[in-house]
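1. Build me a model from this:
(chains A and B)
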Amino acid sequence: MTTENIATEQSDHDSHDEHHDHKMTGVKRWLYTTNHKDIGTLYLWFSFIMLLTGGALAMVIRAELFQPGLQIVEPDFFNQLTTVHGLIMVFGAIMPAFTGFANWMLPMMIGAPDMALPRMNNWSFWILPFAFGILLSSFFMESGAPNFGWTFYAPLSTTFSNGSTAFFVFAVHIMGISSIMGAINIVVTIMNLRAPGMTYMKMPLFVWTFFITAYLLIAVMPVLAGVVTMVLTDTYFGTSFFDAAGGGDPVMFQHIFWFFGHPEVYIMILPAFGIVSTIIPAFSRKKLFGYASMVYATSSIALLSFIVWAHHMFTTGMPLFGELFFMYCTMLIAVPTGVKVFNWVATMWRGSLTFETPMLFSIAFVILFTIGGFSGLMLAMTPVDFQYHDTYFVVAHFHYVLVTGSLFSIYAGAYYWLPKWTGHMYSDALSKWHFWCSLISVNLLFFPMHFLGLAGMPRRIPDYALQFADFNKWVSIGGFAFGLSQLIFLVVVIKCIRGGEKAAAKPWDGAEGLEWEVASPAPYHTFSTPPKID
Amino acid sequence: MIEQKAENTKKNKTVLTKLILIVFGMFGFGFALVPLYDVFCDITGLNGKTNETAASYSASGVDTSRTVNVQFISRMSQGIPWKFEPIQREITVHPGEVKFVTFYAKNESDRAIVGQAVPSVSPGLAAAYFQKIECFCFTQQPLKSNEEVEMGLQFYVDPELPEDISTVTLSYTLYDVTGKVDS
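-> All right, here's what the predicted structure looks like:
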């Protein structure tokens, strides 16, 4: 596409806007919007608010664990904190952030005017605040918030529920419906609205990863809805899905939950792969190494995710064959994941690298996600898992993949596309402060957890044995520092929205993709006429 | 433009319909996992679940060449005010031999309670070979206040029991099912 016809297209848009586009003002604009960019913005702000909320809960957890003994909170409230922290971070921070990226970027990347189902898009966002409103309101109820862990194992969530199960179940139902609608929208958009000439294998890898993730969501979120429904009826309507007295089986809960749960962890990491695969080539000034292998690796990770769920349950007493099967299948996932990591490294190899903030976050992602991947491999080994199971080693593992993995990729993506979203460049110095503070504190926060876990400190406890005191102190200091560092990001974003150096249509010289062919900030309507792809 | 839009709407609806069907299908699949799990455990004998209805004796004969220790354990689920224990804690049987043992139960509260004992066999792989011909766990046990009862269990161990298993533990957990419908 040449610059001239973009220019004419832009002016077309402007005149078009004057006639038809009555942007509403104030709160109505946001409540009634069907514009993919508005909804993307809503998702991103919502997820950041949830990140701070879940983070605040984590700060209380770390304050309690700063030294042995009970200082600040009661054990039952501590359990409520860990439970709601997990739920908010998984369903409120990471997943909506990715949906936000999908809404903002997918239509622009495939040359579509908007998402395929804009009204459903509006609805899928606006039910989310209600879901989290219900969940968080339970803190102020007599029963307290859910205290059975984000994995809500039966019978903790059924027989021994503190009375919060109904709030929890309906909140999860609404989150699930929202995710499913978001995912359906992504699939329909990608299948039907690609610009002429953009075949599947010409789509940016970002689009591919969201396409595959959306399918995973459509396949497993209904299973989650099913299992929370069973928990609901077991608790309140006398069914016995998980109650041995009535012929049910509590271990079956874990099977059904993790059938959802394992694909869920890939739902939270595959989009991160897509973001990083977009950014690393841009700042290496090279094409992504092994595009096709990346597509196949992503697909095989998604398929394998359906046959590894029981590696979360090695200690439930499976027969040897089952343990070996799930162990080898889990280890198999390291192969396509390794393909990805090597491809990122090969993309950087002999590139002319520059280290702008998005690239810094991406490189940190590659290294730290790999550490999380390796501790995952250790956990996959059945014999040693008996030692690691339910210890801080597991906590260290999944925080490395979710914080330095998913969250870092979200920051990388935000810094990469902020100029496109706001039309301004952000403060380079401040964003680098954000990066370095986060990088140092996050490792201080999560790395010693490996040692704590290996030494036998169990997870989800408000108190611990004295020999864990020193490490826990360091972990807590890292935690407070990491929490505070995220406020720098808030400052960077607000300053960037308010003003700053004007961003060019393509502020990164190595960047590729249709989103850079429209002006910065991206006009309210883009690609009303599809671009031509050669 | 308008034709294109109409065509797009139609295409979108087709994909949307298919995806919604998948969503409902997967919701149903979640529930289908419940019977599938039972069938799977039944076939493989995983999970220590024993037969829930009376088995008839079908062993080819008594294998006097080997003996198996059968241990009995009982435990109360939280909050049931009963005394419930095996009268014999451990017996030695030949595979194929039919044995009768008794359990003692007493309702120590001042109200009537219906109890339900749920069996589980360890090691789990032995569950398929532990055959109960008659068991108090097939029915519920209503006991009045301070009523006591001796309950019988008639069983045999199938001679097909794998050679490496020499001890089988049968554990009963007693649940309070007062007010719940007999299923």
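2. Around residue 140, count how many other residues there are.
-> In the absence of a named chain, chain A is used. The number of residues packed near residue A:140 is 8, by other C-beta atoms under 10 Å in any protein chain shown. All C-beta atoms are positioned from the backbone trio N, CA, C, and that covers glycine.
3. other chain: chain B
-> Residues near residue B:140, counting by other C-beta under 10 Å: 17.
4. how far away is it from chain A?
-> Distance, residue B:140 to chain A, using C-beta to the nearest C-beta, to the nearest Å: 10 Å.
5. secondary structure class for the residue of chain B at minimum distance from chain A?
-> Closest contact between chain B and chain A, by C-beta to the nearest C-beta, is at residue B:30 (2.7 Å). Recorded secondary structure, residue B:30: helix (DSSP: H, G, I helix; E, B strand; the rest coil).
6. My understanding was that it contacts residue A:227; is that so?
-> Yes: using C-beta atoms under 8 Å, residue B:30 is in contact with residue A:227, at 6.1 Å.
7. More neighbours: which of the two?
-> Under the criterion of other C-beta under 10 Å, the comparison of residue B:30 against residue A:227 puts residue A:227 first, with 29 against 21.
8. host element of that one?
-> helix A:205-236 (DSSP states H and E).
9. Which strands and helices lie in contact with that helix?
-> Applying 3 or more C-beta pairs under 8 Å, 6 or more residues apart in numbering or on different chains; DSSP states H and E, one finds that helix A:205-236 contacts helix A:95-110, helix A:165-192, helix A:250-267, helix A:270-284, helix A:291-304, helix B:2-44.
10. can you list those in a markdown table and add distance to residue B:129?
-> What follows is the helices and strands packed on helix A:205-236, written out as a markdown table (distance: least, C-beta to C-beta, whole Å):
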| stretch | distance to residue B:129 |
| --- | --- |
| helix A:95-110 | 47 |
| helix A:165-192 | 39 |
| helix A:250-267 | 21 |
| helix A:270-284 | 45 |
| helix A:291-304 | 35 |
| helix B:2-44 | 13 |
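11. Just the strands from chain B, written as ranges.
-> All strands of chain B, identified by DSSP state E, fall at B:68-76, B:82-86, B:90-93, B:99-107, B:113-122, B:130-135, B:141-143, B:148-157, B:167-176.
12. Mean neighbour count, mean pLDDT and distance to residue A:253 added to those strands, as CSV?
-> Output for those, formatted as CSV (neighbours: other C-beta atoms under 10 Å in any protein chain shown; pLDDT from 0 to 100; distance: least, C-beta to C-beta, whole Å):
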stretch, mean neighbour count, mean pLDDT, distance to residue A:253
strand B:68-76, 17, 91, 20
strand B:82-86, 18, 90, 26
strand B:90-93, 14, 92, 33
strand B:99-107, 17, 91, 29
strand B:113-122, 21, 87, 16
strand B:130-135, 19, 88, 25
strand B:141-143, 18, 87, 27
strand B:148-157, 17, 90, 29
strand B:167-176, 20, 90, 17
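13. For residue B:41, which of those is the nearest?
-> Across those, residue B:41 has its closest neighbour in strand B:113-122 (11.5 Å, C-beta to C-beta).
14. Could you list the buried residues of the helix or strand that residue A:123 is a member of?
-> Element membership for residue A:123 (DSSP H and E) is helix A:118-126. Buried positions in helix A:118-126, judged by neighbour count with 16 or more other C-beta atoms under 10 Å in any protein chain shown: A:118, A:120, A:121, A:122, A:123, A:124, A:125, A:126.
15. Residue A:218 touches residue A:184, doesn't it?
-> Yes: counting by C-beta under 8 Å, residue A:218 touches residue A:184, with 6.6 Å between them.
16. Look at the two and report which has more neighbours.
-> A direct count of neighbours by other C-beta under 10 Å for residue A:218 and residue A:184 places residue A:184 higher, at 25 against 21.
17. burial count for the closest residue to that one other than its chain neighbours?
-> Leaving out its chain neighbours, the residue that sits closest to residue A:184 by C-beta to C-beta, 6 or more residues apart in numbering or on different chains is residue B:19, at 4.8 Å. Neighbour count for residue B:19, taken as other C-beta under 10 Å: 19.
18. So for residue 5, what pLDDT did the model give?
-> With no chain named, the answer covers chain A. Listed pLDDT for residue A:5 reads 46.
19. should've been chain B
-> According to the prediction, residue B:5 has pLDDT 74.
20. tell me which parts of the stretch 1-150 of chain A are close to chain B?
-> A:116, A:117 (C-beta under 8 Å from any C-beta of the partner chain).
21. Now do the helices in the stretch 1-150 of chain A.
-> A:3-20, A:26-32, A:36-64, A:75-87, A:95-110, A:118-126, A:128-137 (DSSP state H, counting those that start in this stretch).
22. Which one of those helices lies nearest to residue B:142?
-> Closest approach to residue B:142 among the helices of the stretch 1-150 of chain A (C-beta to C-beta): helix A:75-87, 35.7 Å.
23. got a list of contacts for that closest one?
-> A:54, A:57-58, A:60-61, A:64, A:73, A:135-136, A:139, A:144-151, A:162, A:168, A:171-172, A:460-463 (C-beta atoms under 8 Å, 6 or more residues apart in numbering or on different chains).
24. The same query, at a cut-off of 6 Å, please.
-> With C-beta atoms under 6 Å, 6 or more residues apart in numbering or on different chains as the contact definition, helix A:75-87 has outside contacts at A:54, A:57-58, A:60-61, A:144-147, A:149-150, A:460, A:462.
25. which stretches of chain A have low pLDDT?
-> A:1-23 (pLDDT under 70).
26. Find the nearest non-adjacent residue to residue 85, please.
-> Answering for chain A, as no chain was given. In space, and not counting its chain neighbours, residue A:85 is closest to residue A:57: 4.2 Å by C-beta to C-beta, 6+ apart.
27. you looked at the wrong chain, it should be chain B
-> Here the residue nearest residue B:85, using C-beta to C-beta, 6+ apart, is residue B:74, at 5.1 Å.
28. dump the residue contacts of that neighbour.
-> Contacts of residue B:74 (C-beta under 6 Å, 6+ apart): B:84, B:85, B:86, B:172.
29. how does it look with 7 Å?
-> B:84, B:85, B:86, B:103, B:172, B:174 (C-beta atoms under 7 Å, 6 or more residues apart in numbering or on different chains).
30. you'd agree residue A:194 is in a helix?
-> No: the assignment for residue A:194 (three-state DSSP) gives coil, which keeps it out of a helix.
31. which residues does the residue nearest in space to the middle of chain A contact?
-> In chain A, the residue lying closest to the centroid (C-alpha atoms, centre = their mean) is residue A:94, at 2.8 Å. Contact partners of residue A:94, counting by C-beta under 7 Å, 6+ apart, are A:268, A:402, A:406, A:407.
32. So which of those wins on neighbours?
-> Greatest neighbour count in those, by other C-beta under 10 Å, goes to residue A:406: 27 neighbours.
33. In this structure that one contacts residue A:270, no?
-> No: between residue A:406 and residue A:270 no contact is recorded; they are 9.8 Å apart, counting by C-beta atoms under 7 Å.
34. Residue A:169 versus the residue nearest to residue B:78 when sequence neighbours are not counted, what's the distance?
-> The shortest distance from residue B:78 to any residue other than its chain neighbours is 7.9 Å, reached at residue A:159 (C-beta to C-beta, 6+ apart). Residue A:159 sits 15 Å away from residue A:169, going by C-beta to C-beta, to the nearest Å.
35. Residue A:419 too?
-> In terms of C-beta to C-beta, residue A:419 sits 42 Å off from residue A:169.
36. Next: residue B:86.
-> Taking C-beta to C-beta, one finds residue B:86 at 39 Å from residue A:169.
37. how many neighbours does the residue in chain A positioned nearest to chain B have?
-> Per C-beta to the nearest C-beta, residue A:226 is where chain A lies closest to chain B, at 2.7 Å. Residue A:226: 24 surrounding residues under other C-beta under 10 Å.
38. residue contacts, it?
-> By C-beta under 7 Å, 6+ apart, residue A:226 lies in contact with B:27, B:30, B:31.
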